[in-house]
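In: Build me a structure from this.
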Amino acid sequence: MTFAIPYQLRDDLYKSPLLRALQHLRDMTGFSCVDVGAGGGEVSIALAELCGQNGRIYAVDIDPVRRNEIATHAAQFSQVIALTQAAQELTLPEQVDLAYCRFLLLAVPEPKIVISRMIKATKKGGWVILQEPITSCGRVGRLPLSMDSDFVVDPDIGASLLELLIDQDLEVKDAWIEAPVGIGPGAVSSYLEALTDTEVLDEQIVLPPVVTVVGRVNR
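Out: The predicted structure is shown next:
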């Protein structure tokens, strides 16, 4: 099945690996999903578009301000439920068909616990999709990118993402790495400028590549 690109992902530079991952799920109509570390809710709303009116999306973030942002952005989607929770304490009123996170595990001290909670929140035969970066593989020209932030615990966690799944009740169906690349003014340079407050004009930019893992719960 080929998905039409949801409106909320039209400008998302990392939409390609997400859409490829969702191909494994085929028809998502009526799915229940949890977006862990939902941020502003763009992916949550995109999932709501794909799941339709009979679906249900739990948009979970630890920041109550983010929860309010999600509620505002998703006002037209009654199936989006915004929750304030820490990822390592993830608790939902039901098990879901899909548990998803992106750029979350790099910021938590115990990522295996978060993954375990996501798997526990998913139905048997359901899906877990994880997307995490290898920041140091990003480049501006020939120089590697770095991420110096108080909230980042492991900026290269994508490099060990499969290792974190050892002994988890998850069968890996697909895994790959992908990165947006650009040169000159455009979406890639604008993204980097917003991320680092650095303007790059004429050098090739490779944004941090993202490792995507698609797994199916087999417990």
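
In: ok, V108 to Q88 distance?
Out: 6 Å (C-beta to C-beta, to the nearest Å). For glycine as for every other residue, the C-beta is placed from the backbone atoms N, C-alpha and C.

In: same thing with E203?
Out: If you go by C-beta to C-beta, the gap between E203 and Q88 works out to 39 Å.

In: which residue is nearest the middle of this protein?
Out: R102 (2.1 Å; C-alpha atoms, centre = their mean).

In: In which helix or strand does the closest residue to it other than its chain neighbours reside?
Out: Spatial nearest neighbour of R102, excluding adjacent residues (C-beta to C-beta, 6 or more residues apart in numbering): Q131 at 4.0 Å. Using DSSP states H and E, Q131 sits in strand 122-133.

In: Which neighbouring elements make contact with that strand?
Out: helix 15-23, strand 96-102, helix 111-120, strand 210-217 (3 or more C-beta pairs under 8 Å, 6 or more residues apart in numbering; DSSP states H and E).

In: Would you mind telling me which of the ones you listed is nearest R67?
Out: R67 lies closest to strand 96-102 among the helices and strands packed on strand 122-133, at 16.1 Å (C-beta to C-beta).

In: Confidence-wise, which helix or strand of the chain is lowest on average?
Out: Lowest on mean pLDDT, DSSP states H and E among the helices and strands of the chain sits helix 64-73, with a mean of 85.

In: give the contact list for the closest residue to P209 other than its chain neighbours.
Out: Once flanking residues are discounted, P209 sits nearest to A179: 3.6 Å by C-beta to C-beta, 6+ apart. By C-beta atoms under 8 Å, 6 or more residues apart in numbering, the residues touching A179 are C137, G138, V206, L207, P208, P209, V210.

In: Quick one: low-confidence residue ranges for the protein.
Out: Low-confidence segments of the chain (pLDDT under 70): 1-5, 7-10, 148.

In: Kindly provide the distance from C33 to A46.
Out: Taken as C-beta to C-beta, the span from C33 to A46 is 10 Å.

In: Look at those two and report which has more neighbours.
Out: The neighbour count for C33 versus A46, taken as other C-beta atoms under 10 Å, is higher for C33 (28 against 24).

In: which helices and strands does the host helix or strand of the more buried one pack with?
Out: Per DSSP H and E: C33 is located in strand 32-36. Other helices and strands packing on strand 32-36, by 3+ C-beta pairs under 8 Å, 6+ apart, are helix 42-51, strand 56-61, strand 96-102, helix 111-120.

In: one step back: most tightly packed of the helices and strands packed on strand 122-133?
Out: Most buried of these, by mean neighbour count (mean count of other C-beta atoms under 10 Å): strand 96-102, with a mean of 24.

In: mind saving the C-alpha coords of that strand as CSV?
Out: C-alpha atoms of strand 96-102 as CSV (Å, rounded to 0.1, in the frame of the first residue of the first chain):
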residue,chain,number,x,y,z
VAL,A,96,-2.5,0.0,20.9
ASP,A,97,-1.8,-1.3,17.3
LEU,A,98,1.3,1.0,16.9
ALA,A,99,3.8,2.5,19.3
TYR,A,100,6.0,5.2,17.7
CYS,A,101,8.8,7.5,18.8
ARG,A,102,11.3,9.7,17.0
